[in-house]
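Peer 1: have a look; sequence and predicted model below, questions after that.
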Amino acid sequence: MNISVYGEDRGALVHFDPRTKFVIFLVSLAVSANSYNAAAHSIYCAVLCGMLFLCGKKWNAVKMSLLLGFAVYIRTCMEMQATGSTVIVTIISFLVTIFLYFFPMLVSLLIITQTTRVNQFLSAFQAMHIPTKIVIPIAVMFRFIPTVGEEWNGVRKAMAFRGMSLEPSAIIRHPVRTVEYILIPLLFSCISIMEELAAAALARGMDSSQQRTAYEPVRLKAYDYITIILFLTVGIWFFAAGLITGGAA
Amino acid sequence: MIELKGVDFHYGGENGTGDGVDGIDLTIADGECVVLCGRSGCGKTTLTRLINGLIPHFYEGELIGEVMIGEHNVSKSALSETSKIVGSVFQNPKSQFFNIDTTGELVFGCENTGLPRDEIGRRLDRTVRDLKLTPLLNRNIFELSGGEKQQIACGSVYAAEPQVYVLDEPSSNLDKKAINRIHDIFARMKANGNTIVISEHRIHYLMDIADRFIYLDDGIITGEYTADEMRAMSDETLAEMGLRCTDIRNIPANMQNDSFQNAAPALDVIDLSCSRGNSRILDIDRILLPENSIVAVVGDNGCGKSTLAEVLCGLSPSDGSVALGGTFLSDKQRQQQCYMVMQDVNRQLFSDSVLEEVMLHASVSKEEAEQTLADLGLADFADRHPASLSGGQKQRTAIAAALCAGKDIILYDEPTSGLDRTGMQRFGELLNSTRSKVRLSFIITHDPELILHCCTHVLHMERGRVTAFYPINAEGAQRIRHYFRSKSSDTTSKVREKQSQIGKILEYAGKERSKVYWAAFLMMIGAAASVLPYGIVGVLVRKILRGGTVTLAASAPLIGAVLLCEILYAVFYMLGLRVSHHAAFATLENIRCKLQEKLEQQPLGSVMARSKGELKKLFSDDIESIEMLLAHMIPEGAANLFVPAIALLLLFYTDWQLALLTLLTAGIGLSVSGRMYSAGMDRMGSYFAASKRMNSAIVEYVNGMEVVRVFNRDGAAGEKYEKAITDYRDLALNWYRVCWPWMALYGSVFSSIVLYSLPFGILLMLLGQLEISNYILALILSFGIGPLLLHCMNFVGSIPQVSFKIQSLEKALDEVPVKTGDKEITGDHSITFENVRFSYRDNEVIKGVSFRAEQGKTTALVGHSGSGKSTLAKLLVHYYDVSEGHIRIGNTDLCDTSLEQLNAHIAYVSQEVFLFNKSIMENIRAGRQNASDDEVIAAAKKAECHDFIMKLPKGYDTPAGLAGNMLSGGQKQRIAFARAILKDAPIIILDEATTFVDEENERKMRRAMEQITAGKTVIVIAHKLSSVRHADQIILLDQGAIAAAGTHEELTANSDQYRQLWAMSEETQNWKLKEARI
């Protein structure tokens, strides 16, 4: 299982509140949707990489900024030289644009998932007064992703014993049957886990109407407020610029 | 107080089966521990659900009567209220946690009830302390073993501090180690005065906690027993009631009549290893399992059992060779012949009906399939949907599918977890009935009852290694019973490391790490300087092409710059190499010291079990290979990758299309070398196993040269040597055969990057998109990049080798050290053996030995050779840890004291005397380092050594190497005596020499011995009975157990065996004397 949803913030230089990270994520969405100024967009992306660095995923941050730098560099070189056949230029610039478009979303998502623990999430949700009825399913969903991974691993092995191939050729030849072989056992085992989980949840008082408390403190600190304000300003600026440019066009 | 008054309940609703409980009247007092037992489906789980309120609030059905906990009505109040006073732990550790990290899970219950944060913190601390969960804090729950998950589940409930604990079959998925742990947890809960209700099949571990056993049958309480009453029940009674054993000691064994003496091997595994990431999970020299056997694989969770099963089936990649039925097969081929019945059978049922499931990819006709179903008692269910079957039926469906698919080997992953006695026995019979149809049944299990009921062999695993393999006969049965009763080590599963190989090595470098980075930096400058001239030449060429005139004078600065660059390159490169070598050799020193430290802590026995060749290779060759990595690969590799990257960026600046093409070719080259890396990695294990064998064979050959020459040059030794060398050659060639196509490919790609950009560049020029000057510059840059990349790739080839060596190094560092503590040895110097058991690989050598050697008395251990005398001595000096029981000196257990302490108290004079290559004086001084020369000589005199030492060419200063050849066995032993006298330890262990000495020597020996033993606690391992007839106590050992003990007179009077031994000993004695007279 490589999908790591097990976030941790042990290596973090600055411990941001999950809510701050949410704001960053939302602003990133706005920036992606309204980025008409290439230079401003690139700077925003670089700042995000910096945030990732501060949140403790240093090596990831370095990798992401190298990728970003490379993409921007290629784009600049292409624009400067203005050579090449239209087909190649279109393909390459399309790829680069897509990459740059999704970059803020990707990095801000990394910031959220890789550097926040599940109970920090829950506390943050709680602090935002989101009802338990919504919070708990989200928590269970997080917990369920690795479970599905484990189950899938088991099913894959079981299929190998029965001579059911998972090679691309076999999947293309019998797409429906392959999906059936995968889904039936996967669903049955997930359902049984689901049911046991539900029973365990109730027995541990999860449906209690009482206000939950949080062991893990989440509190907005000064730097959180500063970050939120800065990002919101930038987001609004991008949005406004987008409106103007969009309106003009 | 829990009260159930006239409770009836039957499951209803959509999936209701109508099962349930009737007329339950039960009162459980506060602080009581009640175990609910009975067959599967008897209603024990229903009872637990009634108490924790899941019935009627979660499981629908008709409920009559009410359940009260004190004043609280469970059936009427909301679940969230009940959850505050009742804490529940369920059967399946997988499906009862909600967080991904352990700490979050532990406090989860407290958070739900809305406790203030300080209180939660306090409870978390208490829970962690009481239940000893510290090693599990801040972990990813998905990385934990089932047993550890269950401990976290218990901890989470414990932190919520309920009055009542309700536990529903908490042990069914656990191994013996985890059961021991949860036993302690439950004991703690009980000690806190809480009420505990446990529904459980395995009751043996609860015997000392439970106050009352409630027996349910078909939904009705039919009996109540105290723990004593349960213990008193015979196995037949328990079987009739469908209950599992109350004491592992009493499990009856179905001994196998079949000896398997002549059975062909069903499975033959040679040199198998398997790594995941950086850690090696399996490391197996040889497994040989006979045909038609049922092999139980036991060992703690995480010891590699499941991985072994997956490797055998060909599901996980591995190194080494696996033969099924005599032929070596590839992973794919093994997949076709093996089948695993998984613990979670749900995952392997794919079809809509049982018959269809069995026929899926089957090699049999429909009739045969139906017959198989009938044999397994599934005929009535042929048309049912597999999901609608019970657990046991699903399992049988899976087995039927395996049989119909014509599988040779069936592996079972914990098939009887959560089964009651009847289910377990039925499964055992099933195994027996399929035994003739399959080559081998391979069962991973934690269930001693299943093993003793139907298995033919047991395979023990520990930390990825096979530690023993033995059949279940009278002795084997006894051993397995003991295994399941013994305590396990309290290690927890390892935190999975995500560190890369290189990161790990840098860790070894420690403080030197910054030097490695520094070296890399210097080399980067050097490499950049080496590329710059290409750019300068490019600039010159561009000038010419643009029609400028280039005079020598004008271009002199540029030419000078080229020269300067070359000089800079040489200087920086050399500087870098110097720094990196400094770092590398300092690191090697660190590692060697660390390895030596580790070796000293390990059981001496397991160190000695390694061949000298292997150890030498470890210490010198393997560690040396890290030098290559640190001094060259990391800094040079970094430099050689960095500079092409810069050059590539420059190229983009010149012309992006050409650059893209270059990037593409370089990418292809890199992916090819990646393929080589993985292909090389795959074969690496076999290659290194062969080289290990060859090394040992060479060392053995050289050591035995003397014998080989005297006797027969072409004997078995030569053959073994030859075979090892041929094997190595074959495997090495094989490995290169896999690698060389890739090597050739990347070699050609990198060295001719230009080749690809040449035609394309011309095309661009013709299209008018590329200036000729830029084109030339691009070409020149490509020339510059190629060699650097190629240089880099040369390292890639050796990374697998180095990484493998590092792994074997890590493994050596990773061995379990002998258990030690830091307590002082207190009390007198008597020695107590208390029920000591010890097994060495497949054989249990010591089987429950208890005796006491009083202070100042002589105790003699006698017996035939192989009876375990010497092993007892080795255990006493802590060469090994005992498998079970205790050895004490005074009041102190050997495991609680340090080896240094122990050494100060014991002098061990062994049969083989090792003389250091120093003078005789120094050799004796080895007994006590600070002894003066006079003391040494005095000791030598006491040990009757003085006379013969003075006859040596240089007396006490004669080097032992020279003297070694002049000394007889008896004389060498007397030197050892002198050492012991010098050491003057209160306890003496004397392993009497078997090498016979002449009478003169013997008399002296006897006198020397008297000198040593005066006033000490002495243990003599005697081979000649006459010499110990005056011992205060004689212990007669027979096959690892005490046959008789007493003085010579007592034993002669009482023990036939002793008389025989005595007679035999006298006979040889006389025979010797007679011979001597002739």
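Peer 2: Nice, thanks for sending it over.
Peer 1: what is the burial count for residue B:775?
Peer 2: By the other C-beta atoms under 10 Å in any protein chain shown criterion, the neighbourhood of residue B:775 contains 22 residues. The C-beta positions use only the backbone N, C-alpha and C, and glycine is treated the same way.
Peer 1: repeat for residue A:176
Peer 2: Neighbours around residue A:176, by other C-beta under 10 Å: 7.
Peer 1: on the pLDDT front, check it for me.
Peer 2: The model reports residue A:176 with a pLDDT of 84.
Peer 1: surely it forms part of a helix?
Peer 2: Yes. Membership of residue A:176 in a helix is supported by DSSP: H, G, I helix; E, B strand; the rest coil.
Peer 1: and it, how close does it get to residue B:356?
Peer 2: 16 Å (C-beta to C-beta, to the nearest Å).
Peer 1: with residue A:17 instead?
Peer 2: Between residue A:17 and residue B:356 the computed distance is 55 Å (C-beta to C-beta).
Peer 1: which one of these two has more residues nearby?
Peer 2: Per other C-beta under 10 Å, whichever of residue A:17 and residue B:356 has more neighbours is residue A:17, with 23 against 15.
Peer 1: pretty sure that one sits against residue A:220.
Peer 2: Yes. The pair residue A:17 / residue A:220 is scored as a contact, 5.1 Å apart, by C-beta atoms under 8 Å.
Peer 1: now the spatially most central residue of chain A: which helix or strand?
Peer 2: Among the residues of chain A, residue A:109 comes closest to the average C-alpha position under C-alpha atoms, centre = their mean, at 3.0 Å. Per DSSP states H and E: residue A:109 is located in helix A:86-114.
Peer 1: so which elements touch that helix?
Peer 2: Contact partners of helix A:86-114 among helices and strands, from 3 or more C-beta pairs under 8 Å, 6 or more residues apart in numbering or on different chains; DSSP states H and E: helix A:18-33, helix A:38-54, helix A:58-81.
Peer 1: now tabulate those helices in JSON lines and tack on distance to chain B and mean pLDDT.
Peer 2: Below are the helices and strands packed on helix A:86-114 laid out as JSON lines (distance: least, C-beta to the nearest C-beta, whole Å; pLDDT from 0 to 100):
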{"stretch": "helix A:18-33", "distance to chain B": "14", "mean pLDDT": "88"}
{"stretch": "helix A:38-54", "distance to chain B": "17", "mean pLDDT": "89"}
{"stretch": "helix A:58-81", "distance to chain B": "5", "mean pLDDT": "89"}
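Peer 1: out of these, deepest packed?
Peer 2: Scoring these by mean neighbour count under mean count of other C-beta atoms under 10 Å in any protein chain shown gives helix A:18-33 as the most buried, with a mean of 21.
Peer 1: what's in contact with that helix?
Peer 2: Contact with helix A:18-33 is made by A:41, A:44, A:48, A:51, A:55, A:101-102, A:104-105, A:107-109, A:111-112, A:115-116, A:120-121, A:123-124, A:127-128, A:218, A:220, A:224, A:227-228, A:231-232, A:234-235, A:238-239, A:242, as judged by C-beta atoms under 8 Å, 6 or more residues apart in numbering or on different chains.
Peer 1: buried subset of the residues you listed?
Peer 2: In terms of neighbour count (16 or more other C-beta atoms under 10 Å in any protein chain shown), the buried residues within the contacts of helix A:18-33 are A:41, A:44, A:48, A:51, A:55, A:104-105, A:107-108, A:111-112, A:115-116, A:120-121, A:123-124, A:218, A:224, A:227-228, A:231, A:234-235, A:238, A:242.
Peer 1: picking that back up, out of the helices and strands packed on helix A:86-114, the one nearest residue B:215 is which?
Peer 2: helix A:18-33 (51.9 Å; C-beta to C-beta).
Peer 1: can you check the pLDDT for the residue of the stretch 701-850 of chain B found nearest chain A?
Peer 2: Proximity of the stretch 701-850 of chain B to chain A (C-beta to the nearest C-beta) peaks at residue B:769, 4.1 Å away. We have a pLDDT of 77 for residue B:769.
Peer 1: again, but for residue B:572
Peer 2: At residue B:572, pLDDT is 91.
Peer 1: could you count how many residues lie near it?
Peer 2: For residue B:572, using other C-beta under 10 Å, the count is 21.
Peer 1: shouldn't it be within a helix?
Peer 2: Yes. Using three-state DSSP, the assignment for residue B:572 is a helix.
Peer 1: that one and residue B:530 touch, don't they?
Peer 2: No. Using C-beta under 8 Å, residue B:572 is not in contact with residue B:530, being 9.3 Å away.
Peer 1: who in the stretch 101-250 of chain B is up against chain A?
Peer 2: B:101, B:104, B:107-117, B:120-121, B:124, B:140, B:142, B:156-157, B:160 (C-beta under 8 Å from any C-beta of the partner chain).
Peer 1: those residues in helices, which ones?
Peer 2: B:104, B:107-112, B:117, B:120-121, B:124, B:156-157 (DSSP state H).
Peer 1: mind splitting chain A into its structural domains?
Peer 2: A:18-117+A:219-248, A:129-203 (automatic domain parsing).
Peer 1: adding distance to residue B:323, write these out as a markdown table.
Peer 2: Rendered in a markdown table, the data for those read as follows (distance: least, C-beta to C-beta, whole Å):
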| stretch | distance to residue B:323 |
| --- | --- |
| domain A:18-117+A:219-248 | 44 |
| domain A:129-203 | 19 |
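Peer 1: CA atoms of the helix or strand residue B:297 falls within as PDB?
Peer 2: Counting by DSSP H and E, the element that carries residue B:297 is strand B:293-298. Coordinates of the C-alpha atoms in strand B:293-298 are reproduced here as PDB (Å, rounded to 0.1, in the frame of the first residue of the first chain):
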ATOM      1  CA  SER B 293       2.700 -34.400   5.500                       C
ATOM      2  CA  ILE B 294       0.700 -31.900   7.300                       C
ATOM      3  CA  VAL B 295       3.100 -29.200   8.500                       C
ATOM      4  CA  ALA B 296       2.200 -26.700  11.200                       C
ATOM      5  CA  VAL B 297       4.100 -23.500  11.000                       C
ATOM      6  CA  VAL B 298       4.400 -21.700  14.400                       C
END
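Peer 1: list the buried residues of the helix or strand following it.
Peer 2: Next helix or strand after strand B:293-298 toward the C-terminus (DSSP H and E): helix B:305-312. For helix B:305-312, the neighbour count (16+ other C-beta under 10 Å) marks B:305, B:306, B:307, B:308, B:309, B:310, B:311, B:312 as buried.
Peer 1: so helix B:305-312 versus strand B:293-298, what angle?
Peer 2: Put simply, helix B:305-312 runs at 140 degrees to strand B:293-298, going by axes from the mean of the first three to the mean of the last three C-alpha atoms, to 10 degrees.
Peer 1: can you list contacts of helix B:305-312?
Peer 2: Counting by C-beta under 8 Å, 6+ apart, A:157, B:267, B:269, B:272, B:274, B:276, B:281-282, B:284, B:297-299, B:316, B:318, B:322, B:334, B:338, B:340, B:409, B:411, B:413, B:442, B:444, B:461, B:464 sit against helix B:305-312.
Peer 1: going through those, which ones are buried?
Peer 2: Buried among the contacts of helix B:305-312 by 16+ other C-beta under 10 Å: A:157, B:267, B:269, B:272, B:274, B:281-282, B:284, B:297-299, B:316, B:318, B:322, B:334, B:338, B:340, B:409, B:411, B:413, B:442, B:444, B:461, B:464.
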